[in-house]
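**Q** I would like to see how this sequence folds:
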Amino acid sequence: QVQLVESGGGLVQAGGSLRLSCAASGKIFSINAMGWYRQAPGKQRELVAVIASDDSTNYLGSVKGRFTISRDKAKNATYLQMNSLKSEDTAVYYCNAALMVTTPVGPTDFRSWGRGTQVTVSS
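**A** Reported below is the predicted structural model:
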């Protein structure tokens, strides 16, 4: 019903920057929140940053001051600007959206994940 497509990952040296993008498409009625998670090899998936419908944001402690999440409501998109990258930021980054989709019975809660984009930071 809803697809999330990420882009912008890649290989960067420590101290460098990357900008991730995520666009949602499908039978979207409204989007409550969009966020970015990451999962490093052998570790659990963790929430990196989230932005709510009122544009309030929350960040993982280790990325505060380095990462910035934003969204374009008109495009159903979210972005993650990552600066001062460190080797420990290396992971697959996943976009997530908490939204409502249009169904024959009316708007329904739905949660969608992207397929992920690899971010590799070399030291």
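**Q** since we're on the residue lying closest to L4 once chain neighbours are set aside, how many residues are nearby?
**A** Distances taken as CB to CB, 6 or more residues apart in numbering place G114 nearest to L4, at 3.8 Å, with adjacent residues excluded. C-beta coordinates here come from the backbone N, C-alpha and C atoms, glycine included. G114 sits with 21 neighbouring residues when counted by other CB atoms under 10 Å.
**Q** dump the residue contacts of G114.
**A** Counting by CB atoms under 8 Å, 6 or more residues apart in numbering, G114 touches L4, V5, E6, C22, Y94, C95, N96.
**Q** State the distance from it to T78.
**A** For G114, the distance to T78 equals 10 Å [CB to CB, to the nearest Å].
**Q** what sits in contact with each of the two?
**A** With CB under 8 Å, 6+ apart as the test, G114 and T78 both reach C22, C95.
**Q** Could you say which helix or strand holds the residue nearest the centre of the chain?
**A** For the chain, W36 is the residue whose C-alpha lies nearest the centre (CA atoms, centre = their mean; 2.7 Å). Per DSSP states H and E: W36 is located in strand 28-39.
**Q** The helix or strand following that strand to strand 28-39, inter-axis angle?
**A** As assigned by DSSP H and E, the chain's next helix or strand after strand 28-39 is strand 46-52. Calculated by axes from the mean of the first three to the mean of the last three CA atoms, to 10 degrees, strand 46-52 forms an angle of 150 degrees with strand 28-39.
**Q** List the contacts of strand 46-52.
**A** 32-39, 57-60, 63, 67-71, 78, 80, 93.
**Q** So what are the sheet partners of that strand and their directions?
**A** strand 28-39 (antiparallel), strand 57-59 (antiparallel) (DSSP bridges).
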